[in-house]
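Chemist: okay, structure incoming, though there's no sequence with it:
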């Protein structure tokens, strides 16, 4: 399923969902994208 067809709709259907897009990031979120993702994930979990 293409991201554009699934991610926004999934975030819309799930209560309290938050869709964050990392432009240019690979599927595995390595390197700098990994650090950004971890920071965002911890902030979300603490909220």
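Modeler: That came through, no problem. It should be emphasised that the depicted structure is a prediction, and the values quoted were computed from it without experimental measurement.
Chemist: which outside residues touch stretch 33-44?
Modeler: 18, 20, 22, 24-26, 29 (Cβ atoms under 8 Å, 6 or more residues apart in numbering). C-beta coordinates here come from the backbone N, C-alpha and C atoms, glycine included.
Chemist: apply 10 Å and report the result again.
Modeler: 16, 18, 20, 22-26, 28-30 (Cβ atoms under 10 Å, 6 or more residues apart in numbering).
Chemist: what is the distance between it and the centre of its chain?
Modeler: Mean-position distance between stretch 33-44 and its chain equals 9 Å (Cα atoms, centre = their mean, to the nearest Å).
Chemist: equivalent analysis for stretch 16-23, please.
Modeler: With Cα atoms, centre = their mean, you get 4 Å for stretch 16-23.
Chemist: against residue 6, how distant is residue 13?
Modeler: 11 Å (Cβ to Cβ, to the nearest Å).
Chemist: for residue 28, same thing?
Modeler: 18 Å.
Chemist: again, but for residue 24
Modeler: Distance from residue 24 to residue 6, by Cβ to Cβ: 19 Å.
Chemist: what's the burial count for residue 41?
Modeler: 11 (other Cβ atoms under 10 Å).
Chemist: per-residue confidence for it?
Modeler: Listed pLDDT for residue 41 reads 92.
Chemist: number the chain from 7, please
Modeler: In the new count, where the first residue is 7, that last one comes out as residue 47.
Chemist: tell me which element it is part of?
Modeler: helix 38-52 (DSSP states H and E).
Chemist: now residue 28. Nearest residue, chain neighbours left out?
Modeler: In this structure, residue 28 finds its nearest non-sequential neighbour in residue 39, 5.2 Å apart by Cβ to Cβ, 6 or more residues apart in numbering.
Chemist: contacting residues around residue 33?
Modeler: So residue 33 contacts residue 9 (Cβ under 10 Å, 6+ apart).
Chemist: repeat for residue 23
Modeler: Per Cβ under 10 Å, 6+ apart, neighbours of residue 23: 13, 16-17.
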